[in-house]
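> Test case, fold it:
(one chain, ligands or ions: 1)
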Amino acid sequence: MPSLVSPRLLFLVGEIIPLKKLSRGSSSALSQGSVRFFSRVDRHKNAPLTLANLGFNTEFEKTTKNKRNKLENVKVNYPTEAPKSREKVAASDKSRVVRVKKTLEIDSAPFAATSFSELGLPSPLIERLEMEGFNVPTDVQSAAIPTILKNHDAVIQSYTGSGKTLAYVLPILSKVGPLKG
Ligand SMILES: Nc1ncnc2c1ncn2[C@@H]1O[C@H](COP(=O)(O)OP(=O)(O)OP(=O)(O)O)[C@@H](O)[C@H]1O
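Here you go, the predicted model:
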């Protein structure tokens, strides 16, 4: 038997040629596992040729069971208190809380103010508006002006002719120019 023959081929002829009759080189090429493999085949001679009967499955199951047992024995200690680092994050996250409060202020903005003075505009600007005949703000102005005056970003969307221009210009004029407060 040539020594370069593969272990699988040796298995096929193993029932005919006993191991001791193999050349020295061939038998030394067999690992310990291969020898055990032959002995298992002898034990289950009448059994069907399955991986389990050849011993592979049994070893696999043992390994799996061991692993499962190890996992079952692991005690998981769930933390009962939040880690201190998380507390720090919560403490440093005050800006988010403030933002939420501001959002609530937006929600409570008047949508039907009866005068521009209700919106927090400076009095020089209100006087000039009244001089021009603008006494009552429109709905979009009532909602947008106080929001922008609180330094929120705003996207103004309303139908044409609803007064969007003054809605964003008046807060600007309350900060810059001769009519600012
Ligand atoms: N509070 C107000 N009271 C009376 N008139 C107003 C008031 N606000 C705006 N107007 C007048 O209503 C008209 C329409 O206003 P404005 O052009 O700002 O509307 P708009 O929503 O910007 O329209 P568009 O979508 O066409 O730009 C203008 O003539 C403006 O002077």
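> where does the chain have low pLDDT?
By pLDDT under 70, the low-scoring segments of the chain are 1-111.
> got the domain boundaries for it?
7-73, 96-173 (automatic domain parsing).
> what's next to stretch 122-141, contact-wise?
By Cβ atoms under 8 Å, 6 or more residues apart in numbering, the list of residues contacting stretch 122-141 from outside reads 111-119, 121, 145, 156, 158, 162-164, 166-167, 170, 173-174, 178-181. C-beta: built from backbone N, CA, C; applies to glycine.
> what about 10 Å?
110-119, 121, 142-145, 149, 156-159, 161-168, 170-171, 173-175, 177-181 (Cβ atoms under 10 Å, 6 or more residues apart in numbering).
> Just confirm yes or no for it near the ligand.
Yes: applying Cβ under 6 Å from any ligand atom, one finds stretch 122-141 touching the ligand at Phe134, Val136, Pro137, Thr138, Gln141.
> Can you give me the first-to-last residue distance of that stretch?
15 Å (Cα to Cα, to the nearest Å).
> for stretch 138-158, same thing?
End-to-end distance for stretch 138-158: 11 Å, by Cα to Cα.
> List the buried residues of that stretch.
Thr138, Val140, Gln141, Ser142, Ala143, Ala144, Ile145, Pro146, Thr147, Ile148, Leu149, Ile156 (16 or more other Cβ atoms under 10 Å).
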